[in-house]
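1. Just to be clear, the model below is a prediction. Sequence and coordinates:
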Amino acid sequence: MNTEFHAHQAHFGPISKEMTDYVENHVLLKSRYLFTKTVMRVQFAYCTHCNQQHRPEEPLKHSHIAFCPHCNSQCIVKKSHVGRKYMQDKAYVVFYEKSIIDPQVMTAVGFYVRRDYAGDFKDVKTHYKASCSYVFKMNGESTMYYTGYYSDTKWFKRDKIASEYPLYKNGVPCYCSLDSIKAAIKGTPMQYSTWENYWDGSDSDMTKFFGLYSKYPCIEYLTKLKYEYFVWAKLYDMRTYDAIKWSGKTIAEVLRLPKRDMKQFMSSKPTILERDDIGALTLRLYQLTLNDSNRPDFEELKRIASSIRPYFNQMKPMFKYQNVRFCARYIQKQLKKNKRVFSDGTSVVMMWKDYIDECRMLNLDLKLEEIIFPYDLAAAHESTSSQVKIHMSEIEKQRIANRAKELEIYRFAWRDYIIRPAQSGKEITEEGKILRHCVGSYAKSHAAGETSIMMIRKYADPDTPFFTMEIKDGQVRQVYGYKNLRTSGDLIELIDAFKADKLVKGKKKDRKSNKPQGVAV
């Protein structure tokens, strides 16, 4: 790592005059004070910017604004005898420059800067503590190193380029010099990155953007085609639905489209893509329907995208058996057919996936459409659930018993109801038999800690199955009663109260625990 770091460090020189000017005259512009002292009823004021003392024509008042007659700086007046133990100004600054060894390479440095007035106000210096440094090269060769919290002598390499703004945003103002980017980027390959479209002022230092561009030059294509959403999504971890091949060399490769479809797509792009993820999903559906015999037009694809957006990722397995239009219509039909069971499209998709798993357990022929997409999904699922036999090993049974103890922290009482963890594998399978739903098939994943099964009981009748709840990835995934009856009325209030008390509040304590992932939040 020493060799790598020295190669990285070779691109940087000492702190430049341009940077110190930016810090003094922009970042810490308000860190200019006139400290007053009265001697024999005569007031004197000392300017911390130009280090000159003068005698004000009119008496200066503490914490008021005044101008230094020597440097014309706007300053804050402070009485020199007033305590200033905690008086300091600080900021995080990112400044860009060209590499000192290669003018084709752009660099950036992040500094924590501070001026401390606790001591002698006539001897205040601006302290610079290196926080991170970046070297931006094309072909994904950009590098980032960062220092430890207490020391700027030990440097560590980051696998991915990242901004340190989030580390300082809580109470420390963050600055990035726009002029330094303009000067440093000129004449480098980075100048073609279309970075100006993604400069959002105080909310970004652009380091992540330049790191992404060095790895994915297709950002230039996407921006010039007015598909900026995908770049914003990549920067801020929003959904792209796998619609973009970031390593693509041509626009056709990037958009995952054959050349024969490019002309039609390009002529219809205003219809397909907006600056939101509906447009992104519309593009993905366009890609998925390339070989459909009766292909939906763009307007229909957009309507489908709006409909399936909340559960698109969950419904991907459906596309193995049927096309996008069929699957979207099937979900809507099941919603209308059984409103007692299904609250939204997500609940349909989740039941369908459980149903298909049970079909595999029962060795049913998944080549038959009437089996894959039954006319009445809820009834078909109830039938397969009743036929599936769950066999658990002694180890799995013991794991469920152990999890019952671990999950006690999620026990919850509210009005006339109790929520508690499943106590045994037998209880889970019996729950499914009595309520005639498929919770029994979740016993093994509950034992493995992949999900968590909780029992909802009436306080007056704690031993009788009432409703069953699944928690996964810190969220209540589904809640069902007899024959997949969904919650209503006070049960909805119960679940909301549980989430507010146990899942939201549980985040902090769970970070420090080794609880299974089924309830980790």
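-> Right, received. Where do you want to start? Residues are numbered from 1 along each chain as shown.
2. how about the helices in the stretch 351-500 of the chain?
-> In the stretch 351-500 of the chain, the helices defined using DSSP state H, counting those that start in this stretch lie at 369-372, 377-387, 394-406, 425-435, 443-447, 490-498.
3. D242 is nearest to which of these?
-> Each of these has some distance to D242 by C-beta to C-beta; the shortest is helix 369-372, at 23.6 Å. Every C-beta, even on glycine, is put in place using the N, C-alpha and C of the backbone.
4. name the helices or strands packed onto that closest one?
-> On a contact count with 3 or more C-beta pairs under 8 Å, 6 or more residues apart in numbering; DSSP states H and E, helix 369-372 meets helix 345-361.
5. For the helix it packs on, buried residues please.
-> Residues 345-352, 354-356, 358-359 are the ones in helix 345-361 that count as buried (16 or more other C-beta atoms under 10 Å).
6. ok, residues contacting that helix?
-> With C-beta atoms under 8 Å, 6 or more residues apart in numbering as the test, helix 345-361 has contacts from 307-308, 310-311, 314-315, 317-318, 331-332, 334-335, 341-342, 366, 371-372, 374, 377-378, 380-381, 384-385, 387-388, 438, 441, 477-478, 484, 486.
7. Near Y375, how many residues? Count them for me, please.
-> Residues within reach of Y375, counting by other C-beta atoms under 10 Å, total 10.
8. Against L34, how distant is V77?
-> Look at V77 and L34: by C-beta to C-beta, to the nearest Å, they are 5 Å apart.
9. can you give me the helices in the stretch 1-150 of the chain?
-> Using DSSP H, counting those that start in this stretch, the helices found in the stretch 1-150 of the chain span residues 2-9, 17-22.
10. buried sites along stretch 247-257?
-> Residues of stretch 247-257 classed as buried: 248, 251-252, 254-257 (neighbour count, 16+ other C-beta under 10 Å).
11. For that stretch, what does the pLDDT average out to?
-> In this model, stretch 247-257 has an average pLDDT of 94.
12. Assign a three-state SS to the spatially most central residue of the chain, would you?
-> What sits nearest the mean C-alpha location of the chain, by C-alpha atoms, centre = their mean, is D237, with 5.0 Å. With DSSP: H, G, I helix; E, B strand; the rest coil as the basis, D237 sits in coil.
13. Which pLDDT value belongs to it?
-> Note for D237: predicted pLDDT of 91.
14. any idea how far Y311 is from it?
-> Taking C-beta to C-beta, one finds D237 at 19 Å from Y311.
15. V77 and L34 - which one has more neighbours?
-> L34 (27 against 18).
16. so who does that one touch?
-> L34 makes contact with 45-48, 60, 66, 68, 75-78, according to C-beta under 8 Å, 6+ apart.
17. do that again at 6 Å, thanks
-> Contact analysis of L34 by C-beta atoms under 6 Å, 6 or more residues apart in numbering lists 45, 47, 66, 75, 77.
18. and which of the residues you listed is nearest to T207?
-> If you rank the contacts of L34 by distance to T207 using C-beta to C-beta, C75 comes first, at 33.4 Å.
19. Just give me the lowest mean pLDDT stretch among the helices of the stretch 1-150 of the chain.
-> The minimum mean pLDDT among the helices of the stretch 1-150 of the chain belongs to helix 2-9 (a mean of 92).
20. Run through the neighbouring helices and strands of that helix.
-> Helices and strands touching helix 2-9, as assessed by 3 or more C-beta pairs under 6 Å, 6 or more residues apart in numbering; DSSP states H and E, are absent.
21. let's go with 10 Å and repeat that
-> Counting contacts by 3 or more C-beta pairs under 10 Å, 6 or more residues apart in numbering; DSSP states H and E, helix 2-9 packs against strand 126-136, strand 143-147, strand 155-158.
22. Pull out the buried positions in the longest one.
-> The neighbour-count check on strand 126-136 (16+ other C-beta under 10 Å) flags 126, 128, 130-136 as buried.
23. for stretch 200-212, same thing?
-> Residues of stretch 200-212 classed as buried under the neighbour-count rule (16+ other C-beta under 10 Å) are 204-212.
24. what's the farthest-apart pair in these?
-> The distance between the two most remote of these (C-beta to C-beta) is 13.4 Å, for D205 and L212.
25. As a check, name the ranges of all strands in the stretch 401-521 of the chain.
-> Applying DSSP state E, counting those that start in this stretch to the stretch 401-521 of the chain gives strands spanning 412-414, 417-421, 452-458, 467-472, 475-480.
26. before we move on, the earlier item: out of the buried residues of stretch 200-212, who's nearest K98?
-> Taking those together and measuring to K98 by C-beta to C-beta, the closest member is F210, at 13.4 Å.
27. Setting aside sequence neighbours, what's the nearest residue to the closest one?
-> Distances taken as C-beta to C-beta, 6 or more residues apart in numbering put F136 closest to F210, at 4.8 Å, once the chain neighbours are dropped.
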